[in-house]
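Colleague: sequence unknown, structure follows:
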C-alpha cells in the first residue's frame, strides 16, 4: 500500500478524535451554562423570599407592638376606673353625695352619670377582649407566615444545593483528550501492521542454520 494512503488514514483518524472531543467539550459547556442559569435563578429566588420575609416580619412586629400598647392603655384606664369606683373613700363619698342629692331631688341625674360610667367601663372591657383576640390571631398569622416562608427558603436552599451539585458534576466530567501521536509515529505503526516481517527477531549469525 502506498505510504501516502497510510498518512491520510492516520490524519483522518486523528481528525475524527479531535472532532469527537470538541463536540464533547461543547456539550459539557452547554450543560455548565444551564447549571449556572439554574443557580442564578435559585439565588435570585432566595434573595426575593428573604426580602419578603424581612418585610412581613417587620410589619407583624409593628402591628403586635401597637396592639400591645393599646391593650396596656385600656387596662390602665379600667384599673384606674375600678380603683376610683371601689376605693372605700370613694364609696363613702358617693353614698354621702347620694344622700345629699336625694335630699335635693337630683338623684336621677347622678344615676344617669353612674350608668354612663358603667357602660364606658364595660365597653373598655369588651374592647380589651377584642384586642386580645386580635393579638392572638395576629400572632397565629405571624407564626403561619414564618412557617410558610421558612418552607419556601428551605426549598430554595435545596434547589441551590442541587444546582451546585450539577455544576460540580459537569466540571468533573470535563477531561482532556489523550495526546494524539505524532504523524511520524502513526505512520510507523501503520507500516509495521502492514508488514509483519518487520516485527521478526534479528537472526543470530554465529549459529549454523539447522
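Modeller: Received the coordinates, thanks. All values derive from a computational prediction rather than experimental measurement.
Colleague: other SSEs contacting the helix ranked longest in the chain?
Modeller: Using DSSP state H to define each element, the chain has its longest helix at helix 3-86. Other helices and strands packing on helix 3-86, by 3 or more C-beta pairs under 8 Å, 6 or more residues apart in numbering; DSSP states H and E, are helix 107-173, helix 183-194. (C-beta placed from N, C-alpha, C; glycine too.)
Colleague: those: lowest mean pLDDT?
Modeller: Across those, helix 183-194 has the smallest mean pLDDT, namely a mean of 49.
Colleague: can you tell me how far residue 27 sits from residue 73?
Modeller: Distance of residue 27 to residue 73, computed by C-beta to C-beta, to the nearest Å: 70 Å.
Colleague: mind listing what the closest residue in space to residue 64 that isn't next to it in sequence touches?
Modeller: Residue nearest to residue 64 in three dimensions, not counting chain neighbours: residue 138, with 5.9 Å by C-beta to C-beta, 6 or more residues apart in numbering. By C-beta atoms under 8 Å, 6 or more residues apart in numbering, the contact list for residue 138 reads 60, 63-64, 67.
Colleague: now residue 64
Modeller: Residue 64 sits in contact with 135, 138-139, 142, where contact means C-beta under 8 Å, 6+ apart.
Colleague: quick revisit: any idea how far the residue nearest to residue 64 lies from residue 130?
Modeller: 12 Å.
Colleague: rewinding a little: redo the contacts of residue 138 as a markdown table? Include pLDDT and distance to residue 126.
Modeller: As requested, the contacts of residue 138 are exported to a markdown table (pLDDT from 0 to 100; distance: C-beta to C-beta, whole Å):
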| residue | pLDDT | distance to residue 126 |
| --- | --- | --- |
| 60 | 78 | 25 |
| 63 | 79 | 21 |
| 64 | 78 | 21 |
| 67 | 77 | 15 |
